[in-house]
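Colleague: sharing a sequence plus its predicted fold:
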Amino acid sequence: MTSETVPLFLQDAYRRTAPGRVVAHDDGVVLDRSLFYATGGGQPGDSGWLTWGDQRLEIATAEKRPGGGIALIPADVEAALPPLGAEVTQEINWDRRYAHMRMHSALHLLSVVIPLPVTGGSVGAEKSRVDFAMPEPPEDKAALSAALNDLVARDLDVTEGWITEAELDANPGLVKTMSVAPPRGTGRIRLVRIGRGGEQIDLQPCGGTHVARTGEIGRLRIGKIEKKGRQNRRVYLHLEE
């Protein structure tokens with residue numbers, strides 16, 4: 001079982017570099033703390049670099065391991081890994097991470113303007129998608145895009161909070177996704193909130209990285225809407241800038 005890794009990306013999604021110590025090799029490099037987001041919830045793992053001494057290792061992605069560890073997967077499987085106990089410097093590919101942050105927050109907004117159960121989703125740097133339980137297509141795609149961009153322009157706060165698993169069980173309506181359940185086992189669940197007080201528009205479990213305000217997302221465009229089965233439709237979302 002891999003040692004547990006402290007998820008630095010949950011403490012500060014805007015942090016770009018951080019130190020770390022190698023605690024295991026598990027088809028990748030496992031650190032005591034990870035700046036790299038590990039693939040999950042439809043969001044890809046971060047890419048970037050590790051440096052130690054005069055050596056530098058390109059990281060293609062990050063993956064979860066049993067026991068709470070996060071393995072950083074090298075872009076070159078033949079590359080030399082930093083040895084156990086080595087102190088390294090982590091650097092994420094910030095442009096890619098920030099695009100994922102903008103997109104992930106935008107997908108939460110999409111679930112606001114299309115208030116239907118979510119059956120799947122995927123975050124990308126330029127194009128993302130959400131699958132909805134939607135038997136009929138929306139009548140006015142332009143109106144949905146306008147509603148999305150209005151929420152962006154309102155520059156609403158995006159914040160986080162935590163509840164217990166028991167509190168989530170008592171409030172099942174917080175969960176919008178039908179296909180992916182919030183991660184359990186630690187006794188508490190992270191919630192992402194958009195808006196404050198009377199301006200709150202969304203609150204749902206999420207373990208991903210997000211922007212601090214909706215104004216950072218930039219202009220959005222709803223793209224193709226594909227039929228995926230009798231009851232489902234896939235809605236693509238694009239960053240316009």
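Modeller: Here it is on my side, so go on.
Colleague: hang on, residue 168 packs against residue 188?
Modeller: No: using C-beta atoms under 8 Å, residue 168 is not in contact with residue 188; the gap is 9.0 Å. Placement of C-beta: from N, CA and C, glycine included.
Colleague: more neighbours: which of the two?
Modeller: residue 168 (18 against 14; other C-beta atoms under 10 Å).
Colleague: quick one: the more buried one is in a strand?
Modeller: No: Residue 168: not assigned to a strand; according to DSSP: H, G, I helix; E, B strand; the rest coil it is helix.
Colleague: now it, nearest residue through space, not along the chain?
Modeller: Nearest residue to residue 168, sequence neighbours excluded (C-beta to C-beta, 6 or more residues apart in numbering): residue 189, at 4.9 Å.
Colleague: number of residues surrounding that neighbour?
Modeller: Neighbour count for residue 189, taken as other C-beta under 10 Å: 22.
Colleague: ok, and what's touching the helix or strand hosting it?
Modeller: For residue 189, the host element (DSSP states H and E) is strand 188-194. For strand 188-194, the surrounding residues in contact (C-beta atoms under 8 Å, 6 or more residues apart in numbering) are 10, 105, 108-109, 112, 151, 156-165, 167-168, 174, 182-183, 200-208, 210, 214.
Colleague: now swap in stretch 154-172 and tell me
Modeller: Outside stretch 154-172, the residues that touch it by C-beta under 8 Å, 6+ apart are 105, 174-175, 182, 184, 187-196, 199, 201, 205, 210-215.
Colleague: just the CA coordinates for that stretch, please, in CSV.
Modeller: Output in CSV follows, covering the C-alpha atoms of stretch 154-172 (Å, rounded to 0.1, in the frame of the first residue of the first chain):
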residue,chain,number,x,y,z
ARG,A,154,-21.3,38.5,-12.3
ASP,A,155,-17.9,37.5,-11.0
LEU,A,156,-19.2,35.3,-8.2
ASP,A,157,-17.0,33.9,-5.5
VAL,A,158,-16.0,30.3,-5.8
THR,A,159,-15.3,28.8,-2.4
GLU,A,160,-15.1,25.5,-0.6
GLY,A,161,-16.4,23.9,2.6
TRP,A,162,-16.6,20.5,4.2
ILE,A,163,-19.4,18.4,5.5
THR,A,164,-19.5,14.9,7.1
GLU,A,165,-20.5,11.9,5.1
ALA,A,166,-23.5,11.6,7.3
GLU,A,167,-24.5,15.2,6.5
LEU,A,168,-24.3,14.4,2.8
ASP,A,169,-26.5,11.3,3.3
ALA,A,170,-29.0,13.6,4.9
ASN,A,171,-28.9,15.9,1.9
PRO,A,172,-28.7,13.7,-1.2
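Colleague: fine by me, we can end here.
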